[in-house]
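1. Return atomic coordinates for the entry below.
(chains A and B)
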Amino acid sequence: MANSYYDPADLRKFGKITEWSEELGNKFFDYYGKVFEEGALSAREKSLIALAVAHVVKCPYCIDAYTKDGLQKGITKEEMMEAVHAGAAIESGATLVHGVQMMNKYNKLSM
Amino acid sequence: MPQLKKAAKKSLKAQENALAETNKQLEILNGGVFADGELPYFKDKIAEIGHFPLRPNKLEVLQINVGYMCNQVCEHCHVDAGPDRKEIMTRETMEQCLEVIRNTGAHTLDLTGGAPEMNPDFRWFVEEAAKAGIQDFIVRSNLTIIRANKKYYDLPEFFKKHNVHVVSSMPHYTRGKTDKQRGDGVFDKSIKALQELNAVGYGMPDSPLRLDLVYNPSGAFLPGDQAAMEKDFKKALDEDFGIQFHNLFAITNLPISRFLDYLIASENYEDYMYALVEAYNPAAVANVMCTNTISISWDGWLYDCDFNQMLDLKVASKVKHIKDYNEDILNDRNIIISQHCYGCTAGAGSSCQGTVA
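-> Numbering: from 1, shown residues only, chains lettered A, B, ... in the order given. A predicted model of the protein is given here:
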């Protein structure tokens, strides 16, 4: 066992999750593959969305995977960083919009 | 994090780097994750689908490397080309090649290097070879050579006169990525050269003067979808510079020579080999480049492909040199393979003409 919770080499083993639950694992990977195909959104656009979400959910495996995927698709580092900011803005907005709840509660409790 | 290397100014050979030795490269490709059994050998992978030993199909392409000298020292170069390389094809060897070109069943002649234009007999060779009336006559030009010196300024006209099909490297449509892989200033010179090729008619939508671009990833990752990349390149080069071209070939970097050195120094080698093996596409095997190509080196030796040439893996045939050339005997051979071959079977496959599957 590794001494840390995250090991970059574990990303290569992602597919092995099917070994302990073949049906669910395969259904997941089929779905996953289908999601990232060209559709109403291009594969390039979806890769940038995935990169932004990877940062928001703070998944180191996903960040590695979608940085590489972006490079493969010819996405520039400026585009990648803008996507990260889009994710970060939503995440900080989600925190800050709760400020309204705080204000409401404050006002309700105050004379 | 590994220390990022500055762009090299010298070839591995001139640096006396251990990887300039082909035996050392083969030792790495046959050892490590493959010897440990973590990843399967290429031979076993193609045996699963009945393609071992790998055999040639009909010969279609004669690829001639007229020398390793180049005006650039690109970080990913599998030839380890550069200004310090002195291996140049002589006129005598060119004469032997011409004899073969006049009699071959191949429909494509593909001149490469180095920068082929730097061979002092390049123009004579093109003029003579063009007379043989081969269907598709390719010169792989790095573009910057056209702007490197006054004596090369007329190359677009020269190519046009001999109806040469120009295939040029262009790693990205942005300056930053291009210069990082190929050296400072390469992007601007390449753009200027492309505009000059366009000016004489190359690459224009209905023009018979073919201009194709080659895309190599500038780092330890595989090329994306060729059609999608072509669309992005066409849009950006047209909008930003008014440049037109016909097709984009997405070529995978093979883990040999300078690119292997980069992979090891940047601690990306294992991940890259995993990525190549994971992307292995059995459907690409039947059409890999070595099944329809013969590669000829500057000194006349024969190889299954340009990569095997750089690994000094000569054809497994009684005929090993251009002076003894015999197409029937050559075509009856087993192709020499190693783990670098995974580079040609990854994803949609990779060859000097782009994807194969």
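2. State the separation between whatever helix or strand B:Gln309 lives in and the centre of the chain it belongs to.
-> Secondary structure from DSSP states H and E places B:Gln309 in helix B:306-310. Taking CA atoms, centre = their mean, to the nearest Å, the mean C-alpha location of helix B:306-310 is offset from the chain mean by 9 Å.
3. Report the backbone C-alpha coordinates of that helix in CSV.
-> What follows is helix B:306-310, C-alpha atoms only, in CSV (Å, rounded to 0.1, in the frame of the first residue of the first chain):
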residue,chain,number,x,y,z
ASP,B,306,12.5,6.1,-41.0
PHE,B,307,12.3,5.2,-37.3
ASN,B,308,14.0,1.9,-37.8
GLN,B,309,16.6,3.8,-39.8
MET,B,310,17.3,6.0,-36.8
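4. List of residues touching the helix or strand that that helix is followed by?
-> Downstream of helix B:306-310, the first helix or strand assigned by DSSP H and E is helix B:327-331. Applying CB atoms under 8 Å, 6 or more residues apart in numbering or on different chains, the external contacts of helix B:327-331 come out as B:Pro56, B:Lys58, B:Leu59, B:Thr104, B:Gly105, B:Ile294, B:Leu302, B:Val315, B:Ser317, B:Lys318, B:Val319. Any C-beta I mention is one placed from the backbone N, CA and C, and that applies to glycine too.
5. What is the most widely separated pair among the residues you listed?
-> The distance between the two most remote of these (CB to CB) is 19.9 Å, for B:Lys58 and B:Lys318.
6. Next, count neighbours for residue 64.
-> The chain I'm using is chain A. Around A:Asp64 there are 14 other residues, counting by other CB atoms under 10 Å in any protein chain shown.
7. wrong one, chain B
-> Using other CB under 10 Å, B:Ile64 is surrounded by 26 other residues.
8. Residue of the stretch 51-200 of chain B nearest chain A, please.
-> Distances between the stretch 51-200 of chain B and chain A by CB to the nearest CB are smallest at B:Thr174, namely 6.0 Å.
9. buried stuff in the helix ranked longest in chain A?
-> The longest helix of chain A (DSSP state H) is helix A:77-109. Under the neighbour-count criterion of 16 or more other CB atoms under 10 Å in any protein chain shown, helix A:77-109 has A:Met80, A:Ala83, A:Val84, A:Ala86, A:Gly87 buried.
10. Repeat that for stretch B:142-159.
-> B:Asn142, B:Leu143, B:Thr144, B:Ile145, B:Ile146, B:Arg147, B:Ala148, B:Tyr152, B:Leu155, B:Pro156, B:Phe158, B:Phe159.
11. cool, and stretch A:37-53?
-> The neighbour-count criterion (16+ other CB under 10 Å) identifies A:Arg44, A:Lys46, A:Ser47, A:Leu48, A:Ala50, A:Leu51, A:Ala52 as the buried residues of stretch A:37-53.
12. With secondary structure and distance to A:Tyr6 added, can I get these in TSV?
-> Listed next are these as TSV, based on DSSP: H, G, I helix; E, B strand; the rest coil; distance: CB to CB, whole Å:
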residue	secondary structure	distance to A:Tyr6
A:Arg44	helix	28
A:Lys46	helix	25
A:Ser47	helix	22
A:Leu48	helix	23
A:Ala50	helix	19
A:Leu51	helix	18
A:Ala52	helix	20
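13. Need the max-distance pair from those.
-> Counting by CB to CB, the most remote pair of these is A:Arg44 and A:Ala52, 13.4 Å apart.
14. check the buried residues of helix A:77-109 against chain B, which are close?
-> On the criterion CB under 8 Å from any CB of the partner chain, none of the entries of those sits beside chain B.
15. what's the closest of those residues to chain B?
-> Nearest to chain B among the buried residues of helix A:77-109: A:Met80, at 12.7 Å, using CB to the nearest CB.
16. Was I right to think that closest one contacts A:Leu51?
-> Yes - here A:Met80 reaches A:Leu51: they are 6.0 Å apart, a contact under CB atoms under 8 Å.
17. Could you identify the helix or strand that succeeds the longest helix belonging to chain B?
-> In chain B, assigned by DSSP H, the helix with the most residues is helix B:226-241. Going down the chain from helix B:226-241, the next helix or strand is strand B:248-250, by DSSP H and E.
18. residue contacts, B:Thr174?
-> Contacts were defined as CB under 8 Å, 6+ apart; by that measure B:Thr174 touches A:Thr76, B:Phe187, B:Ala236.
19. Which of those residues are buried? Put it as a ChimeraX command.
-> Of the contacts of B:Thr174, the buried ones go into a single ChimeraX selection, burial set by 16+ other CB under 10 Å:
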select /B:187
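20. Against which helices or strands is the helix or strand hosting B:Ala275 packed?
-> Using DSSP H and E, B:Ala275 maps to helix B:269-278. Helix B:269-278 is packed against helix B:32-35, helix B:257-265, with contacts defined by 3 or more CB pairs under 8 Å, 6 or more residues apart in numbering or on different chains; DSSP states H and E.
21. The longest one near chain A anywhere?
-> So the one you mean is helix B:257-265. No - using CB under 8 Å from any CB, we find that helix B:257-265 stays clear of chain A, coming within 14.0 Å at best.
22. what's the offset of that helix from the middle of its chain?
-> Relative to the centre of its chain, helix B:257-265 is centred 17 Å away, using CA atoms, centre = their mean.
23. before we move on, the earlier item: could you dump the contacts of helix B:327-331 into CSV with neighbour count and pLDDT added?
-> Formatted as CSV, the contacts of helix B:327-331 follow (neighbours: other CB atoms under 10 Å in any protein chain shown; pLDDT from 0 to 100):
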residue, neighbour count, pLDDT
B:Pro56, 19, 96
B:Lys58, 10, 94
B:Leu59, 19, 94
B:Thr104, 20, 93
B:Gly105, 11, 91
B:Ile294, 27, 97
B:Leu302, 22, 98
B:Val315, 22, 98
B:Ser317, 17, 98
B:Lys318, 11, 97
B:Val319, 19, 97
